[in-house]
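A.B. asks: build me a model:
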Amino acid sequence: MAPASPICKTMTAGMLKHNPSNETPPRIVNHLDADDFRHRGQQVINFIADYWSSMGDYPVHPSVTPGFLRDQLPTDAPPMPEPDAWASALQDLRDLILPGMTHWQSPRHFAHFPASSSTVGALGEALIAGINVVPFTWAASPAAAELEMVVVDWLGKALHLPDSLLFAGGGGGTVLGTTCEAILCALVAARDRKLAEVGWGRIGDLVVYCSDQTHFSFRKAARIAGIQRGHCREIPTSLEDMFALSPAALEAAMQADVDDGLVPLFLCATVGTTQTTAVDPLRGLCAVAETHGLWVHVDAAYAGSALVCPEFCHVVDGVEAVDSFSMNAHKWLLVNNDCCAMWVKKPAALVAALGTEQEYILKDAAAEGHDVVDYKDWTMTLTRRFRALKCGSCSAATASRASAATSAPTSAWPPPSRNS
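C.D. replies: Reported below is the predicted structural model:
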């Protein structure tokens, strides 16, 4: 660890020297005291374990009105540490906060998406918080950057994704917070690539496509990326097609835009829509999109996890032709919020759109001449969490359990059919 800078030493010395009251300076508190952490950490673990044990006793959704919590808490924070403040905080959490929560992990919670917490996921979060690094470049934390590269390839292989989306095959991936981030990053990369072809002054002519079942986060990302509100084509679907996007309808919409002098840019296909879990036909859509040079992104946030089962991989037939793919490991794969994995076929497109000029403070001589990944150039943020740690921990633990299951006696396999 680097020593304190001269500036810090001077400021500290000056403040002590000019203490107007001539009082003894307050004791410096070590906020990383290992013994204190063990004591309080055990309290937190016990608190969480008790919550998990009694979660089913709470109403899934509280019967409260806006302002219920603010009316019970003081308007100002305590000016000085209170005796036993930590125990009081946990008591307030138990008595005031939990009764006012929607309990997403409750066995009776059926809204939004499935509960996905796990002991390994929660402990992975604790490790992330305890180590507390900011892996925005390789130099900022080499092991964190390289673990992320390894973990996204692990997960991509588990989902049976094509090699072209993995680091091992010339593509690559990253672990983000949400699908909203993934879609926006892909859209910005597609936008800049297209404008480099047609001219930067034509941003107002760009058009993006989705179905009427696509999650609203796509439309939000399009607005952020500078796409005119009227240039987001929501193509109608029907029950006859199981609410999947029709390649013929997409082709007609794109041709109409071309005829009007507009520029087709981006298609967001979905594997598992929010309303109906519809799956868009990737092979047919990619074939149509290719005729106009669209970037095809697959939003598999909800149902992508099912691809770990080989018998479900047919739902993404044609995925080898897409440009990017994202899914939420925090939905079915037991990884606590937040954890969205994204893969791209050509990482250089992301870096070209989102990369920053390398400041000297971010460089490391050890990285010179090596093909390192600086993840700050793959997304919008510089400060980022070490999500690969919990994702990797859950992957390893799940694989261990799966191995144990497959080595167990198989007398009960296969299970009885639904018709039996």
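A.B. asks: use CA for all of it now, contacts and neighbours both
C.D. replies: Noted.
A.B. asks: low-confidence stretches in the stretch 251-400 of the chain?
C.D. replies: 358-370, 395-400 (pLDDT under 70).
A.B. asks: which residue ranges of it form strands?
C.D. replies: Under the criterion DSSP state E, counting those that start in this stretch, strands of the stretch 251-400 of the chain are mapped to 263-270, 295-299, 324-328, 340-344.
A.B. asks: reformat those strands as CSV; add mean neighbour count and distance to Arg229.
C.D. replies: What follows is the strands of the stretch 251-400 of the chain, written out as CSV (neighbours: other CA atoms under 10 Å; distance: least, CA to CA, whole Å):
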stretch, mean neighbour count, distance to Arg229
strand 263-270, 25, 14
strand 295-299, 25, 19
strand 324-328, 27, 23
strand 340-344, 27, 26
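A.B. asks: so which of these comes closest to Ala306?
C.D. replies: Among the strands of the stretch 251-400 of the chain, strand 324-328 comes nearest to Ala306, with 10.3 Å by CA to CA.
A.B. asks: how big is the angle separating the closest one from strand 263-270?
C.D. replies: Put simply, strand 324-328 runs at 30 degrees to strand 263-270, going by axes from the mean of the first three to the mean of the last three CA atoms, to 10 degrees.
A.B. asks: burial count for the nearest residue to Thr214 once chain neighbours are set aside?
C.D. replies: Using CA to CA, 6 or more residues apart in numbering and skipping the chain neighbours, the partner closest in space to Thr214 is Thr273 (6.3 Å). As a burial measure, Thr273 scores 23 neighbours (other CA atoms under 10 Å).
A.B. asks: which residues does Thr273 contact?
C.D. replies: 213-215, 279, 302 (CA atoms under 8 Å, 6 or more residues apart in numbering).
A.B. asks: dump the strands of the stretch 251-400 of the chain into a markdown table; add distance to Ala249 as well.
C.D. replies: Converted to a markdown table, these look like this (distance: least, CA to CA, whole Å):
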| stretch | distance to Ala249 |
| --- | --- |
| strand 263-270 | 13 |
| strand 295-299 | 16 |
| strand 324-328 | 22 |
| strand 340-344 | 26 |
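A.B. asks: between those, which one is nearest to Leu187?
C.D. replies: strand 263-270 (7.1 Å).
A.B. asks: what's next to the closest one, contact-wise?
C.D. replies: 187, 190-191, 194, 205-211, 214, 218, 245, 254, 257-258, 278-280, 282, 289, 292-300.
A.B. asks: what pairs with that strand, parallel or antiparallel?
C.D. replies: Strand partners for strand 263-270, identified by DSSP bridges, are recorded as strand 206-211 (parallel), strand 295-299 (parallel).
A.B. asks: related to what we said a few turns ago, of the contacts of Thr273, which belong to helices?
C.D. replies: Among these, no residue falls in helices (DSSP state H).
A.B. asks: the closest residue to Asp205 other than its chain neighbours and Met254, how far apart?
C.D. replies: With CA to CA, 6+ apart as the criterion, Asp205 has its nearest non-adjacent residue at 4.9 Å, and that residue is Leu262. Between Leu262 and Met254 the computed distance is 9 Å (CA to CA, to the nearest Å).
A.B. asks: so for the two, which residue has more residues nearby?
C.D. replies: Met254 (25 against 18).
A.B. asks: and the nearest residue to that one once chain neighbours are set aside, how close does it get to Ile227?
C.D. replies: Of all residues not flanking Met254 in the chain, Pro264 sits nearest, at 6.3 Å (CA to CA, 6+ apart). Separation of Pro264 from Ile227 (CA to CA): 11 Å.
A.B. asks: overlap of the contact sets of the two?
C.D. replies: 206-208.
A.B. asks: which of those residues are buried?
C.D. replies: Among the shared contacts of Pro264 and Ile227, the ones that count as buried by 16 or more other CA atoms under 10 Å are 206-208.
A.B. asks: give me the distance between the two termini of stretch 170-183.
C.D. replies: First residue to last in stretch 170-183 (CA to CA) measures 21 Å.
A.B. asks: buried stuff in that stretch?
C.D. replies: For stretch 170-183, using 16+ other CA under 10 Å, the buried residues are 171-183.
A.B. asks: partner strands of the host helix or strand of Arg233, with direction?
C.D. replies: Here Arg233, judged by DSSP states H and E, is contained in strand 232-235. Strand 232-235 pairs in its sheet with strand 206-211 (parallel), by DSSP bridges.
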